[in-house]
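Engineer: Okay, structure incoming, though there's no sequence with it:
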């Protein structure tokens, strides 16, 4: 099924609007223009920031996400749930942690890294970063 663009008074149609994704306006000045960020973008930022922390093996997702990843279509927001309000963001992450790492230490680092990444890249304030450890990955080289 082909999605027909909505009739708008603007000359362009945003991709997020075409795909029925939620967006959040983060900047509007003197009616020159505005900046909108899709929820998926914030989720991708959070997922990438989390996987950069030492001790995090991967993001954990549901069965559908796991199948999509195995088929080669990488979903960068896998294991991330984002709730946006006017000025605040709440993030829920599901992680697989590497065996031998301290869960509280890694979780704290992930929370800090995700908060900093979202705030620096979007200007939104992060209220909370909730982490669920979904699994432990064993190092196969041992």
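Structural biologist: Yep, it's here. Computed from a predicted structure; not experimentally measured. Numbers count the residues shown, from 1 in each chain.
Engineer: contacts, neighbours, all on C-alpha from now
Structural biologist: OK.
Engineer: The closest residue to residue 96 other than its chain neighbours: how many residues sit nearby?
Structural biologist: Distance criterion Cα to Cα, 6 or more residues apart in numbering; nearest residue to residue 96, sequence neighbours excluded, is residue 135 at 4.6 Å. Residues lying near residue 135 (other Cα atoms under 10 Å) number 16.
Engineer: ok, and for whichever helix or strand residue 135 is part of, which residues are buried?
Structural biologist: Using DSSP states H and E, the element containing residue 135 is strand 125-137. Buried residues in strand 125-137, defined by neighbour count with 16 or more other Cα atoms under 10 Å: 125, 126, 129, 131, 135, 136.
Engineer: Just checking: what are the partner strands of it?
Structural biologist: Its sheet considered, strand 125-137 pairs with strand 88-98 (parallel) by DSSP bridges.
Engineer: Helix or strand next in line after the strand it pairs with, which one?
Structural biologist: helix 103-122.
Engineer: Give me the buried stretch members for that following helix, please.
Structural biologist: 106-107, 109-111, 113-119, 122.
Engineer: What helices and strands are in contact with that helix?
Structural biologist: Secondary-structure packing of helix 103-122 (3 or more Cα pairs under 8 Å, 6 or more residues apart in numbering; DSSP states H and E): helix 39-51, strand 125-137.
Engineer: neighbouring contacts of the last one?
Structural biologist: What it means is strand 125-137. 57, 60, 87-99, 107, 111, 114-115, 118-119 (Cα atoms under 8 Å, 6 or more residues apart in numbering).
Engineer: Now that we have the residues you listed, which of them are buried?
Structural biologist: By 16+ other Cα under 10 Å, the contacts of strand 125-137 give 57, 60, 89-98, 107, 111, 114-115, 118-119 as buried.
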